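Engineer: using only what follows, build the 3D model:
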Amino acid sequence: MKKTFKILTLSLFTIAGLTVVSCDNEKYDPIIEGEKGVGKPIMTINNQGDNILLRDSIKATVDKDGVLEITVKGADKTGNDILLLRTLKFQTGTYPTNANENNYYSNEHKLWYTTIDPDRPTFITGLVNVKTINRKARVVTGDFNITRMIPTSKDNPNLKPFAISGSFTDIPFKRKEATYLEAFVNGTALENPSEKGEIKGDRVVITSLDAVEMTQELILDFPNTDIKVSADPKDFKKLGWFNVKYTSKYGIKYTSEGVGETEGFIRFDSYEVDKKDSNKIILKGRFDATLVGVDNPEDKVKITFGDFSVVLIKTVNN
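Structural biologist: From the prediction side, this is the model:
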């Protein structure tokens, strides 16, 4: 990696005003985006003396195992290099980069760099700090300080490890998989959820089952009518229009039956009929609900940050 780079953007952060100023004196103030209540995504990178500011070309995904990956295109002065930040858990905390491999691709040298030192695998080459996760807005904020980004090939003795650091704010994240159902039960994520969607007569049934223990189960049930897609956060259906059942990993059953309608909501983000098969519908949405114990109504659980993307199959003769 060459160490003489032209500065693309010089960023000045003022703690009081939280304003970013680039080298052309362009001011950037976070813009509140509708329901999100957060600013537009922004990332700053210090790449061997070059200060780079990015607002686009940043993609964050979370997979079924909770691995967070933030892919940044344009991590250098040319705008061609790629930075890949990774944490093996999707929760707030500080992650050493020797145990959570991060990578960098140099377009000039057609070579990947890594934060794992093959000669000293336990040596901490840097830290990635996930500061906040806003699950309602689906954005993540944090910073990183990698002291050694190491070339994966030793064929060129002129290529040396280098340092790269920066911060990222309000980066939208999406699930890596096309289909999923995830939720938190009293603040704890569903374990090993495996989703299934069906249209049964005039009802839609979406089920999530622990694919390992086959015990913990969550079931959504709602009419196959009046499913309205809307970007308005106030446009949702209340509990009672939809039903929720939950079985804990210990076999304790809970239901939304008898719970007040204001104790839950469901809203739909997308409804698409498969162009090749009209019996398949891709439905995306989110939900919250308070449930009570079937045997003990005083025992309650709170389902929060429910989020699903499922393929619904119309059942024949239903």
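Engineer: going forward, measure contacts and count neighbours with C-alpha atoms only.
Structural biologist: Noted.
Engineer: do a quick rundown of the strands in the stretch 1-150 of the chain.
Structural biologist: 12-14, 19-21, 27-28, 42-47, 50-54, 58-62, 68-73, 82-87, 93-96, 103-106, 111-114, 126-134, 139-151 (DSSP state E, counting those that start in this stretch).
Engineer: nearest to D210, out of the ones you listed?
Structural biologist: Nearest of the strands of the stretch 1-150 of the chain to D210, taken as C-alpha to C-alpha: strand 58-62 at 18.5 Å.
Engineer: pretty sure T262 belongs to a helix, no?
Structural biologist: Yes: according to DSSP: H, G, I helix; E, B strand; the rest coil, the state of T262 is that of a helix.
Engineer: quick one: it from G240, how far?
Structural biologist: Going from T262 to G240 by C-alpha to C-alpha, to the nearest Å gives 9 Å.
Engineer: can you lay out the strands of the stretch 1-150 of the chain as JSON lines showing mean pLDDT?
Structural biologist: Listed next are those as JSON lines, based on pLDDT from 0 to 100:
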{"stretch": "strand 12-14", "mean pLDDT": "35"}
{"stretch": "strand 19-21", "mean pLDDT": "33"}
{"stretch": "strand 27-28", "mean pLDDT": "38"}
{"stretch": "strand 42-47", "mean pLDDT": "96"}
{"stretch": "strand 50-54", "mean pLDDT": "95"}
{"stretch": "strand 58-62", "mean pLDDT": "96"}
{"stretch": "strand 68-73", "mean pLDDT": "98"}
{"stretch": "strand 82-87", "mean pLDDT": "98"}
{"stretch": "strand 93-96", "mean pLDDT": "98"}
{"stretch": "strand 103-106", "mean pLDDT": "98"}
{"stretch": "strand 111-114", "mean pLDDT": "97"}
{"stretch": "strand 126-134", "mean pLDDT": "97"}
{"stretch": "strand 139-151", "mean pLDDT": "97"}
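Engineer: can you say which of those is nearest to D295?
Structural biologist: For D295, the closest of these is strand 126-134, at 34.5 Å, according to C-alpha to C-alpha.
Engineer: and that closest one, what other elements does it pack with?
Structural biologist: strand 93-96, strand 139-151 (3 or more C-alpha pairs under 8 Å, 6 or more residues apart in numbering; DSSP states H and E).
Engineer: could you look up the SS state of the most centrally placed residue in the chain?
Structural biologist: Nearest residue to the geometric centre of the chain (C-alpha atoms, centre = their mean): F173, 3.4 Å. Of the three states, F173 takes strand under three-state DSSP.
Engineer: would you confirm that it contacts K59?
Structural biologist: Yes: F173 is within contact range of K59, at 7.1 Å (criterion: C-alpha atoms under 8 Å).
Engineer: look at T262 and G240 and report which has more neighbours.
Structural biologist: G240 (19 against 12; other C-alpha atoms under 10 Å).
Engineer: for the more buried one, what are its contacts?
Structural biologist: 256-257, 260-261 (C-alpha atoms under 8 Å, 6 or more residues apart in numbering).
Engineer: any idea how far it is from L291?
Structural biologist: Following C-alpha to C-alpha, the distance that separates G240 from L291 is 12 Å.
Engineer: where do the contact lists of the two overlap?
Structural biologist: 256-257.
Engineer: so where do the strands sit in the stretch 151-300 of the chain?
Structural biologist: 162-175, 180-185, 188-189, 193-200, 203-210, 217-223, 237-238, 243-247, 253-255, 264-273, 280-293, 300-314.
Engineer: okay, now the domains of this protein?
Structural biologist: For the chain, automatic domain parsing gives the domain ranges 12-175, 180-314.
Engineer: beta partners of G285?
Structural biologist: F268, F308 (DSSP bridges).
Engineer: measure it to K228 for me?
Structural biologist: Using C-alpha to C-alpha, G285 is found at 10 Å from K228.
Engineer: G251 contacts L218, correct?
Structural biologist: No: G251 is beyond contact range of L218, at 11.9 Å (criterion: C-alpha under 8 Å).
Engineer: using PDB, list the CA coordinates for stretch 241-255.
Structural biologist: Provided in PDB are the C-alpha atoms of stretch 241-255 (Å, rounded to 0.1, in the frame of the first residue of the first chain):
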ATOM      1  CA  TRP A 241     -57.000  -8.500  14.200                       C
ATOM      2  CA  PHE A 242     -54.000 -10.800  14.500                       C
ATOM      3  CA  ASN A 243     -53.200 -13.500  17.100                       C
ATOM      4  CA  VAL A 244     -49.900 -14.700  18.600                       C
ATOM      5  CA  LYS A 245     -49.100 -17.900  20.300                       C
ATOM      6  CA  TYR A 246     -45.800 -18.700  21.900                       C
ATOM      7  CA  THR A 247     -44.300 -21.900  23.500                       C
ATOM      8  CA  SER A 248     -41.200 -21.400  25.600                       C
ATOM      9  CA  LYS A 249     -38.300 -23.800  25.400                       C
ATOM     10  CA  TYR A 250     -39.600 -25.200  28.700                       C
ATOM     11  CA  GLY A 251     -43.000 -26.000  27.200                       C
ATOM     12  CA  ILE A 252     -44.900 -23.100  28.800                       C
ATOM     13  CA  LYS A 253     -47.600 -21.900  26.500                       C
ATOM     14  CA  TYR A 254     -48.700 -18.200  26.000                       C
ATOM     15  CA  THR A 255     -51.400 -16.600  24.000                       C
END
